[in-house]
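*Asks:* Okay, structure incoming, though there's no sequence with it:
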């Protein structure tokens, strides 16, 4: 049985050339979920306003079940790839719907900053803090 865990290693990330490979990285071993991921992402990316009022219309358009749509939608939302906009949001004209979120992007940038800072800061005080953290884990 193949694993459904995301294997996030540098070699796979550097070889990504398209959305299909991104879908395979984020949703491994389930081609149906990968198709739904692509459908949601492409529809949001190429919508004129970058905003979709409902994702349920995609079920008919791309021929997949609402249950599978909800599964993939919730995974994408937990990862921070898409976000739900409340009808109380003035920025989107008080409309309720879905957008591509920047949370995933900000999270990856923060992760890169942590590793970038690891090689540059060699202060005695920071070294002692890091060594103290080791003892608490």
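*Replies:* Everything's here; your move. No experiment lies behind these values; they were computed from the predicted model shown.
*Asks:* For residue 79, what are phi and psi?
*Replies:* phi -70, psi -20 (degrees, to the nearest 10).
*Asks:* That one contacts residue 26, correct?
*Replies:* Yes: taking C-beta atoms under 8 Å as the contact criterion, residue 79 and residue 26 are neighbours in contact, 6.9 Å apart. (Each C-beta comes from the backbone N, C-alpha and C, glycine too.)
*Asks:* which of these two has more neighbours?
*Replies:* Neighbours per residue (other C-beta atoms under 10 Å) separate residue 79 from residue 26, with residue 26 holding more: 18 against 15.
*Asks:* From residue 40, how far out is the more buried one?
*Replies:* For residue 26, the distance to residue 40 (C-beta to C-beta, to the nearest Å) stands at 12 Å.
*Asks:* Likewise for residue 73?
*Replies:* Taking C-beta to C-beta as the measure, residue 73 and residue 40 are separated by 7 Å.
*Asks:* what do you get for residue 3?
*Replies:* Relative to residue 40, residue 3 is positioned 23 Å away (C-beta to C-beta).
*Asks:* So what's the residue count around residue 42?
*Replies:* So residue 42, with other C-beta under 10 Å, has 13 neighbours.
*Asks:* residues touching the closest residue to it other than its chain neighbours, list them.
*Replies:* On the basis of C-beta to C-beta, 6 or more residues apart in numbering, the spatially nearest residue to residue 42 that is not a chain neighbour turns out to be residue 19, at 7.2 Å. For residue 19, the residues meeting the contact criterion (C-beta atoms under 8 Å, 6 or more residues apart in numbering) are 38, 41, 42.
*Asks:* try 10 Å
*Replies:* Contact analysis of residue 19 by C-beta atoms under 10 Å, 6 or more residues apart in numbering lists 34, 37, 38, 41, 42, 45.
*Asks:* Quick one, which of the residues you listed are buried?
*Replies:* The neighbour-count test (16 or more other C-beta atoms under 10 Å) marks 34, 37, 38, 41 as buried among these.
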